[in-house]
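1. just need the structure, nothing else, for what follows:
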Amino acid sequence: MDTRKLLSLLRTCKNSKSLKQGKLIHQKAVTLGLQNDIYLSKNLINLYLYFHLYDHAKCVLDTMKNPCEISLWNGLMAGYTKNYMYVEALKLFEKLLHYPYLKPDSYTYPSVIKACGGLCRFLLGKMIHTCLIKTGLMMDIVVGSSLVGMYAKCNAFEKAIWLFNEMPEKDVACWNTVISCYYQSGNFKEALRYFSLMRKFEFEPDSVTITTAISSCARLLDLNRGMEIHKQLVNSGSLLDSFITSALVNMYGRCGHLEEALEIFEQMPKKTVVAWNSLINGYGLRGDSISCIRLLKRMYNEGVKPTLTTLCSLIMVCSHSARLLEGKFVHGYIIRNIIQPDVFIIGSLMDLYFKCGRVGLAENIFKSIPKSKVVYWNIMISGYVTEGKHFEALALFSEMRKSYVEPDAITCTSVLAACSQLAALDKGKEIHNLIMEKKLDNNEVVMGALLDMYAKCGAVDEAFSVFKCLPERDLVLWTSMITAYGSHGQAYEALELFTEMLQSKVKPDRVSFLAILSACGHAGLIDEGCHYFNQMMNVYGIKPGVEHYSCLIDLLGRAGRLHEAYEILHRNHEIRDDVRLLNALVSACRLHKNIDLGAEIARVLIDKDPDDSSAYILLSNMYASAHKWDEVRKVRSKMKELRLKKNPGCSWIEINQKILPFFVEDNSHLHLESVNKCLSYLIGHMDDESKRFIYHFDVETLRLC
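-> Numbers count the residues shown, from 1 in each chain. Below you'll find the predicted structure:
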């Protein structure tokens, strides 16, 4: 049996997909001593590659005494790279270089370059690029296009684009690579510009080009450009494959045109998971969680298995719109179908339950998962802070540190927010040290949170030290520092800083004006406060909100200009019935002993909400300050009749980096006896200042106090 007969039989085996027969022919060739025949070996390699038997294909090459034909090597190398076996491809190339009489050609290098890109072997790819320049193979369009792709995959986008611009000839694959480069780096406008240039130079875009262009329109929310590309496709009679139609569904969905997205989706003969996800994401952006759930059910009924991306999108929709029932449905679906959730799904579920106020459910998830990832701790800590559970946030942070999980910028920002609300200065300083240790002091968000913490804890000097160290100061940082000065009675420093901010060309907003008005209010700077209030409206065109009027009324109230403040309330229909403003004015009436006006406003508050105890308390306190005890008794009797109670007051103190809360009439405190003993001694000696203070209790008692 000669070689030609064996070659014919091998081709028949490949066409008939008969591996067993192919192996028998291979065995026959070895028996006949034809294992070194180049053409026979080449066909055997192709046969084994066709059946994904890469070791068998390599064995054919290895058993040849003198594999002197480069096409043998090229075929095996191309088979490796086609199946993502990049390490094997580079090992084969290295082995090839040991044969001095064999020279890699324009078919060898594209496979080698692709392997370099797949493994991100940038330096090796660059060395091959230099070699190609020396050998003159850079003129080959396929080689040049492969190099552009390699640089792109190694994130060397600038190098890829430079090489593309230097190429004398280009093909569609090369254009696609550059357009994808811009898309992947987030420069969607440039991706579309190169798409237009490609058409201008009369290159026909393929499915990859069009998909990337439409996806760029989606990212830019450029509906008009997306519709233009869609129209051109329809007019040209091009067949829209699943990639293009999925991109169109995504583009229309992102741009809010769900009717068009749904129409394209329904026309798809075979709906891909990507298309389902795009449509779900489109409804999600609208906040329509009901439609998203319907699509999930339809997916299930049509036999399409949702991916983790699908489920994560659904949970995020439910989270953003605080739809607990739908979110629990998705959670139940995951459990029923024994789906192993990834970090995004777990995080989204915890976030959903926090957004819906179901803290216990979020805690249950957290307890049931491995806690090695910082993202889980961050979601829990920030969730606690959002829900006002600041003690729990700090306790969880301490547990995180004990678990040897390294905090990041998000952790520090959330914990600092908790410290701010609790005025836990010592804990805040501990976080400051951690920030410096982790070199997070160049993070603007973290440093802004640190400044805010010091400001709210009353450490104004420390806040200003942080402020001065910042290389760039945005409006938020200026406002935080102005607020810090204003809140702690340093109004003139606040005014000076506000002037400095204006000089640095930072335009104030509603919040910064609120800060400066509040500063004026705390210091009783009436004229300055009125000046800035008018400047906010007349110079910057900012319409005052309730909080701005609250500052103005508080300012006028402190100055005793009560009727003027009440007149402002009456003139403005939007704020006339605002409870907070009326409460502030009642407090001002009490301060200046204007009982008649105060009682009138307090009765308005009571008429608005008869079940609100705060209005009765205000009225009672005002009568008490004027020694009108009969009126006090009447108010208290009315409260008793309506069964209204004042909410218990709460205070706390930080000792040894622990926050200890105290509630009015709370008899459950752990050290209640020691605290009461300490208080009785203090009260006894306060009654007689001349009496020398003598300690009758031990140091341990004091420590507990």
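2. so where's the stretch 601-705 of the chain uncertain?
-> For the stretch 601-705 of the chain, the stretches flagged by pLDDT under 70 are 605-619, 621, 625-626, 628, 631-632, 634-650, 652-660, 663-670, 687-705.
3. show me this protein divided up by domain.
-> Domains of the chain are assigned by the TED database as 284-367, 370-464, 544-647, 652-704.
4. nearest residue to L49 other than its sequence neighbours?
-> G79 (3.8 Å; Cβ to Cβ, 6 or more residues apart in numbering). Placement of C-beta: from N, CA and C, glycine included.
5. quick one: contacts for the residue most central in space within the chain?
-> Centroid check for the chain by Cα atoms, centre = their mean gives I410 as the closest residue, at 10.0 Å. Applying Cβ atoms under 8 Å, 6 or more residues apart in numbering to I410 gives the contacts 374, 378, 382.
6. for the host helix or strand of it, give the mean pLDDT please.
-> Using DSSP states H and E, I410 sits within helix 409-422. What helix 409-422 shows for mean pLDDT is 93.
7. and it, what's buried?
-> Neighbour-count burial for helix 409-422, counted by 16 or more other Cβ atoms under 10 Å, picks out 409-420, 422.
8. what does stretch 192-204 give?
-> 192, 194-195, 198, 203.
9. closest to H390 out of those?
-> Of all the buried residues of stretch 192-204, the one with the least separation from H390 (Cβ to Cβ) is L192, at 47.4 Å.
10. my guess is the closest one contacts E228, does it?
-> No. Between L192 and E228 there is no contact under Cβ atoms under 8 Å: 10.5 Å.
11. which residues does the closest residue to Y540 other than its chain neighbours contact?
-> What sits nearest to Y540 in space, not counting adjacent residues and going by Cβ to Cβ, 6+ apart, is P508, at 6.5 Å. Taking Cβ under 8 Å, 6+ apart, we find P508 in contact with 475, 498, 501-502, 516, 536, 540.
12. filter the residues you listed down to just the buried residues.
-> Neighbour counting over those (16+ other Cβ under 10 Å) leaves 498, 501, 516, 536 as the buried ones.
13. thinking again about what came up before, from the chain's centroid, how far away is the helix holding I410?
-> Relative to its parent chain, helix 409-422 has a centroid offset of 17 Å by Cα atoms, centre = their mean, to the nearest Å.
14. ok, now stretch 512-530?
-> 36 Å.
15. next: stretch 355-366.
-> 19 Å.
16. what does stretch 391-403 give?
-> Per Cα atoms, centre = their mean, the displacement of stretch 391-403 from the mean C-alpha position of its chain is 22 Å.
17. what do you get for stretch 302-309?
-> Its chain's C-alpha centre and that of stretch 302-309 lie 25 Å apart, by Cα atoms, centre = their mean.
18. when you give positions from now on, start the count at 604
-> From this message on, residue numbering opens at 604, which makes the last subject stretch 905-912.
19. hmm, back to that, most neighbours, which of the contacts of I1013?
-> If you count neighbours using other Cβ atoms under 10 Å, the busiest of the contacts of I1013 is N981, which has 22 neighbours.
20. quick check, it in a helix?
-> Yes. Per DSSP: H, G, I helix; E, B strand; the rest coil, N981 lies within a helix segment.
21. would you enumerate the residues in contact with it?
-> 1011, 1013-1014, 1017.
22. can we see that at 6 Å?
-> By Cβ atoms under 6 Å, 6 or more residues apart in numbering, N981 lies in contact with 1013-1014.
23. so how far is Y797 from it?
-> For N981, the distance to Y797 (Cβ to Cβ, to the nearest Å) stands at 38 Å.
24. check G986 too.
-> 43 Å.
25. how far does the helix or strand hosting L882 sit from its chain's centre?
-> Element membership for L882, per DSSP H and E: helix 876-889. Offset of helix 876-889 from its chain centre (Cα atoms, centre = their mean): 19 Å.
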